[in-house]
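Colleague: 3D, please:
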Amino acid sequence: MDANESPVALNAMQSPFSDININRYPDPTADELRNTIGDFYGVSIDHVFIGNGCDELISLCVQAFVRPAHGVLSIEPTYGMYRVCADTFGTSYWTVPLATDFSLDIQKLQKHFERSDVIFLCTPNNPTGTLIPQSVLEWVIEEFSGLIVIDEAYGEFADANRSPSSIEYVKRGTKNIIVLRTFSKAFGAAGIRLGYGIADEQIITQLMKVKMPYNVGVLTQQIGATLWQERAKMEENVRCLQSERIYLEEKINALGCTVFPSVTNFFLMKPPTDIQSDLLYTQLRDTFGIVLRNFGSKPLLQNMLRITVGTREQNDNLVSALSSLL
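Modeller: All right, here's what the predicted structure looks like:
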């Protein structure tokens with residue numbers, strides 16, 4: 001329960017795809033899937049990019065848009081692949097720490113604008129589970145001239161809360177923003193490695209220039225297209241996970257732990273003051289075979305654990321294990 005995967009696989013994941021000609025290379029630009037996704041969001045195929053997970057899109061954004069002597073800007077804590085991709089290309093990486101309530105100081109962010117070519121903003125943010133306010137996003141769009149990458153890997157959970165997606169900015173004609181989404185979370189398909197980006201066509205064109213020729217396999221494209229037709233089941237799964245998150249939060253809070261608000265399929269919790277997260281993490285792993293995400297002494301996340309919501313049985317097993325340890 002440490003990697004934020006969905007505990008439920010949709011039916012398409014169990015179906016055979018024997019009619020696919022795997023001896024042929026896949027469509028290099030995944031146009032069928034691009035058309036399907038574009039139609040859903042009301043944008044043309046030229047505004048959609050299909051990637052080998054969102055991680056590929058993150059890497060390509062750094063590769064394609066960061067100039068020499070410039071760098072990448074993000075917040076802290078957030079998804080670790082932004083730093084990994086910057087380091088991979090030898091690019092400077094700057095972060096602005098969130099406040100103790102996980103809010104963002106936009107003035108501190110602005111100090112790095114001049115030397116940054118790309119900003120990564122994850123909303124809902126991993127690992128905090130919180131949304132960046134629309135007012136902050138609109139301010140960044142107005143003030144920053146480089147590429148703004150809005151990572152909505154958990155966007156379907158925000159959708160269920162009626163929170164607006166930044167895809168709307170693309171539809172309004174914003175030129176310097178790309179919104180990332182993935183099949184790994186709400187669709188329960190982390191194993192197929194499929195993500196997509198929606199942006200102005202000039203951004204998509206640049207990404208097409210630097211991607212590998214056949215970056216998304218034919219099986220992945222086919223499963224993705226099938227899963228897209230099961231959006232009703234995906235949305236039902238999201239509602240179930242949110243319900244289970246509330247259930248799990250209440251149970252863990254009753255054990256004396258501090259639970260932090262989240263809109264996603266995961267949340268942060270801090271054990272009672274006399275218990276260290278390092279020890280609790282080790283005991284859960286070694287005694288009960290339950291793995292959470294431990295942040296140790298990381299700034300703002302000191303003595304916190306991140307819990308990915310599972311099935312009711314998995315959640316009850318975790319509560320039972322914690323009850324015996326706390």
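
Colleague: and residue 31, how far is that from residue 44?
Modeller: 12 Å (Cβ to Cβ, to the nearest Å). For the C-beta atoms, the positions are set from N, CA and C on the backbone; glycine is no exception.

Colleague: okay but residue 126 is in contact with residue 54, surely?
Modeller: No. Contact between residue 126 and residue 54 fails when scored by Cβ atoms under 8 Å: they sit 11.0 Å apart.

Colleague: shared neighbours, the two?
Modeller: residue 153 (Cβ atoms under 8 Å, 6 or more residues apart in numbering).

Colleague: next, count neighbours for residue 42.
Modeller: 11 (other Cβ atoms under 10 Å).

Colleague: residue 129 too?
Modeller: 21.

Colleague: in the strand or helix carrying residue 246, what's buried?
Modeller: Using DSSP states H and E, residue 246 maps to helix 231-253. For helix 231-253, the neighbour count (16 or more other Cβ atoms under 10 Å) marks 233-234, 237-238, 240-242, 244-245, 248-249, 251-252 as buried.

Colleague: ok, these vs residue 103, which is closest?
Modeller: For the buried residues of helix 231-253, the closest approach to residue 103 (Cβ to Cβ) belongs to residue 249, at 20.6 Å.

Colleague: all helices for the stretch 201-326 of the chain, in order.
Modeller: 201-210, 218-228, 231-253, 277-288, 312-325 (DSSP state H, counting those that start in this stretch).

Colleague: picking that back up, overlap in contacts, residue 31 and residue 44.
Modeller: Common neighbours of residue 31 and residue 44 (Cβ under 8 Å, 6+ apart) do not exist.

Colleague: low-confidence ranges, the protein, go.
Modeller: Scanning the chain with the threshold set as pLDDT under 70 gives 9-19.

Colleague: not including adjacent chain positions, what is the nearest residue to residue 270?
Modeller: Setting aside the residues directly before and after it, residue 270 is nearest to residue 258 in space (Cβ to Cβ, 6 or more residues apart in numbering), at 4.2 Å.

Colleague: looking at it, that neighbour is touching residue 267, isn't it?
Modeller: No. Checked against Cβ under 8 Å, the pair residue 258 and residue 267 is beyond contact range at 10.7 Å.
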